[in-house]
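**Q** Need the 3D shape of this:
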Amino acid sequence: MDTVAFPSADEQQRILNDASTAIKRSAFLMRKAIEDDNMRDSLKHAAGMLAELRTSQLQPQKYYELYMLVFDQLAHLEAFFSDERGKGRSYAELYELVQHAGNVLPRLYLMVAVGCLFIKSHEASPRDVLKDLVEMCKGVQHPTRGLFLRAYLCQRAKGLLPDTGSQYEGPGSGSIQDALDFLMTNFIEMNKLWVRLQHQGSARDKEKRERERQQLQDLVGKNLTYLSQLDGLGFELYRDQVLPRVLDQITSCRDDLAQLYLMQALIQGFPDRFHLGTLEALLDALPQLQPGVKVHSVMAALMDRLAKYAASAASGSNDPRVLEELAAIDAFSKFKKAIARIIASQPNLAAADAVEMYTALLSYAGSVHPGVLSIVDEVLAAAHSTLGDRGRGLGGDARAERQLMSLLTVPLSKYGISACLELKEYPLLTRLLRYVTHKELAIKIVHKVLDTVSASAKSGHGAGPASGSGVTHISTVEKVSSLFRFISPLVADPDLPGESGGATEMDDEDLEEEQVLVARLLHHLRSPDPGTHFAILKISQQQLLVGGPRRLRTTLPALVFCGLELHRKLVRPPAPALAAEAAEKDKGKDDMIGKDGDEAAAQDGKGVAPAADGEVEKESEAPAPAAAVAAVEQSGSDADTKPAVSCEELLQFLLAAIEPLCGGPAGQPVVASRLLLACGYVASEEAHLELLSYTFFEEALILYDEALSDQRTRAAALYDIIGYLQRCRVFGPESRDSLTSAVTSACMRLLSRREQCRALCAAAFLWWQLSPGASLSAGKTDVEKAVNGGGDRGTANQGEAGGLKEVEAEAQPGLYPPVRDGDKVVTMLQRAAKVATQAKAQYGATGRVRDAAYLGAYLEVLDSMMRFWDSEIPGVDTGKVQDLLDKVQADLAAGVQPDAATSRRWQSTLSYISTTAQQPHGKERYGKLKLPQVP
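**A** Next up is the predicted model:
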């Protein structure tokens, strides 16, 4: 065995250059002799060229360059031998002639070249020539030289083997058995030479030699490739002859690199059905491999190969009986036992390597045994028993932790989120992850719920009934509890002191982005049974409260909207005969609450998740017809049964849920105010609960007084209060007077007089309510206005989108008739006009240009008064409108300069009056007004 160290890199390069020059020179002379038809000189120069391959001073990589130079030139020599046969010289004579070469290596290369032509010509038995060549090659035992010589033999003999059905098969030529013997013998000898390569050179170059050996591994693997390609190789031959000999060679070579590569080549090279029938033999060989072999990768490769085979069979690409065969041989149990034996036989096996095997086993189980959750729990339990003693973070092994993440991700993709929530061992493994890694897994789980079509739509075994949009819903209390355990890092800080990744270490933007996912998730936690749905909401609230104030700012609003969605289901059961039709019609309607109340507030309020808000609106607009009919049938059959949850209980729950947002560390008074108003409206118009509705409005007014300091914010909140209160009809006179008095007082406490005026004008609508379903128009119907080119006027701040049309109110159970007090309306408008007059006086006292904004206050009163006038509210007459027009025009004529917005509004008002006065429907009323001359 050559253990002399190789020369330096520069010296090797010099040797390679000299040898290349010699080869090119000998090749030139050989080709010249071939042209001269000189056999003797051709063989002489060919032997000289091949003699350069006898060097032992080159490392395998550089020797390969030399080999390729010679290989290219041997093609010319083979062509010359073919021509000689045409001239009457037999291959038998040439075969004898080349054996006279002086050195063994050139002689064997020449024998291989002539021998392959000898077989091709059918002048000799392939069996005899191949056996002679493979035995003669044993004369070269130098690892590098012998390996390349046998690689040349294997490559040249391809296609010349006496395979079944081949032209070289016959009684005297050989059979498939001879082809197997040739390839197996050459494989065994090449593997021995390849293993011996590790002993060349000095010990300090061992890593480099291993890299070079890896580059040469395909030379050995070609034998196995050619074996698998033999047409005559059946399962019996493979099981009885090929596999035992290959496994014996693998286990006996005792080389880490060789064993790993050859096992992988064996698994990838031969057909899946062969592995299916010899699974036990393959698994029994694994514990016999060297401790340094990455057995986990071999196991993973084998399981992945069979898993893909089973998946293709399930899809119809292969024989569907494959799944039955895998179940019959109980491949899963065999894999599981093999993994246990490997772990037991290798105490120092890395945790990541062990988890990789369990990951492959779980993927295999998902392909072969879809839907069998007990198998998943078995794998997870086995993985936990292997890793459990390492504690959280797996002892700081980052690679093992990442591999564990991969293991825990497999059930999500193979079985779905609903099935994962039933796994008992899953949470135990998640506890082995560090907080930050567990959070990454939690985000994947949440996305799986948000992005996956409901499993019930596919197989009937889902997380719960899906809505018309087909989203996944988690519909049982047990699964919701499991889900929060799975995603605990998203809703709570680390339970171990000092562990990184908690909310205190995140900036507001990142934390809000994370919590928006949780807020969206809440809309997927629902059940068709109201009692179960309410229980889910309570569990969600308990889990969210643990997360601390910074998380609650984003998640609690979404929880409240989920509760409002449940409330809609409680109070709006569809009619049995019209359930499907109503579901279709609702798609084209704007829900009053969703449009003007809770959902609009969510879009404006910071901290309310937009995605969650949109989900509520989507579900409310398009309920599933089948689910609606089923709910009606259920409600009909249980008409005498007390509901599992009442509207009062649900609203009390929502009141408690909003409380953390009202103040303290989680305080968001703007969002809390809008949520309170939305709930107060629902308590009034849907539940007809006066005391609860009053409580919600009372809390909103307290928040307005105590928690809002910014004037712009206070004004916006006040308009919200007015808008919601104007539509509530559950309040009796006393309760309503208390609330309207508080609102009126709040209007006067606004700092800006123009803002006071605008608020008072809006508050005037509190004393003139619309009936449900009443149209909002100015004077005539909407159709007439559209034909005549008219349009609604007014601002959003006034709480309505146009003028008022009086409609006779119909009494509804639990609600009072709409408030219609014209005197109060006039009083509020007069009060607003008085504030505008005070603003004018302020302008006269200061002379400041900005104080000229009082003209805008007059226009606020004018617009509101015209809207009431259009609707013929008692007490609002032409004289009052004309008086305001004259006041504004007089001040403008006196030289008061309004701001640009006020000026545009004034011109728009005059234009509207002038245009409407020319229309048939408005001539009688607007023709009485005297407009000032517009310059």
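**Q** okay, which residue is most central for this protein?
**A** Most central in the chain under CA atoms, centre = their mean is residue 447, positioned 5.1 Å from the mean C-alpha point.
**Q** For it, give me phi and psi.
**A** Taking degrees, to the nearest 10, you get phi -60, psi -30 for the backbone angles of residue 447.
**Q** Following element in sequence after the helix or strand of the chain with the lowest mean pLDDT, please.
**A** One helix or strand of the chain scores below all others by mean pLDDT, DSSP states H and E: helix 782-788, with a mean of 30. Once helix 782-788 ends, the next helix or strand along the chain (criterion: DSSP states H and E) is helix 822-846.
**Q** so the helix or strand just after that next one versus helix 822-846, what angle?
**A** The helix or strand immediately downstream of helix 822-846 is helix 854-870, counting by DSSP H and E. Here helix 854-870 points in a direction 160 degrees away from that of helix 822-846 (axes from the mean of the first three to the mean of the last three CA atoms, to 10 degrees).
**Q** just checking, next helix/strand downstream of helix 854-870?
**A** Note on helix 854-870: by DSSP H and E, the next helix or strand toward the C-terminus is helix 878-893.
**Q** list the buried ones in the helix or strand following that next one?
**A** Following helix 878-893 in sequence order, the next helix or strand is helix 900-917 (DSSP H and E). Neighbour counts over helix 900-917 (16 or more other CB atoms under 10 Å) mark 902, 905-906, 909-910, 912-913, 916-917 as buried. To be clear about C-beta, it is placed using only N, CA and C from the backbone, and glycine gets the same treatment.
**Q** and those as a markdown table, adding pLDDT?
**A** Output for these, formatted as a markdown table (pLDDT from 0 to 100):
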| residue | pLDDT |
| --- | --- |
| 902 | 89 |
| 905 | 92 |
| 906 | 92 |
| 909 | 92 |
| 910 | 91 |
| 912 | 90 |
| 913 | 91 |
| 916 | 89 |
| 917 | 89 |
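**Q** just to revisit the earlier point, give me the number of residues near the residue lying closest to the residue nearest to the centre of the chain once chain neighbours are set aside?
**A** If the residues on either side of it in the chain are set aside, residue 447 comes closest to residue 517, at 7.5 Å by CB to CB, 6 or more residues apart in numbering. Residue 517: 21 surrounding residues under other CB atoms under 10 Å.
**Q** So which other helices or strands are in contact with the host helix or strand of residue 517?
**A** Residue 517 belongs to helix 508-522 when elements are defined using DSSP H and E. Applying 3 or more CB pairs under 8 Å, 6 or more residues apart in numbering; DSSP states H and E, one finds that helix 508-522 contacts helix 435-451, helix 488-491, helix 549-571, helix 610-621.
**Q** Serialize those to TSV and add fields for distance to residue 213 and mean pLDDT.
**A** Converted to TSV, the helices and strands packed on helix 508-522 look like this (distance: least, CB to CB, whole Å; pLDDT from 0 to 100):
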stretch	distance to residue 213	mean pLDDT
helix 435-451	37	92
helix 488-491	46	92
helix 549-571	56	93
helix 610-621	56	34
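**Q** I'd like the ones you listed written out as a markdown table, with distance to residue 6 added.
**A** Listed next are these as a markdown table, based on distance: least, CB to CB, whole Å:
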| stretch | distance to residue 6 |
| --- | --- |
| helix 435-451 | 46 |
| helix 488-491 | 55 |
| helix 549-571 | 65 |
| helix 610-621 | 66 |
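**Q** I'd say residue 261 and residue 217 touch.
**A** Yes - with contacts counted by CB atoms under 8 Å, residue 261 reaches residue 217, the gap being 4.9 Å.
**Q** So those two - more neighbours on which side?
**A** Of the pair residue 261 and residue 217, residue 261 is the one with more neighbours under other CB under 10 Å, namely 21 against 17.
**Q** show me the contacts for the more buried one.
**A** Neighbouring residues of residue 261 by CB atoms under 8 Å, 6 or more residues apart in numbering: 214, 217, 220-221.
**Q** Give me the buried subset of the residues you listed.
**A** 217, 220-221.
**Q** So which of those residues are in helices?
**A** Residues from these lying in helices, with DSSP state H as the criterion: 217, 220-221.
**Q** Wasn't residue 695 part of a helix?
**A** Yes - using DSSP: H, G, I helix; E, B strand; the rest coil, the assignment for residue 695 is a helix.
**Q** which residues does it contact?
**A** Contact analysis of residue 695 by CB under 8 Å, 6+ apart lists 655, 680.
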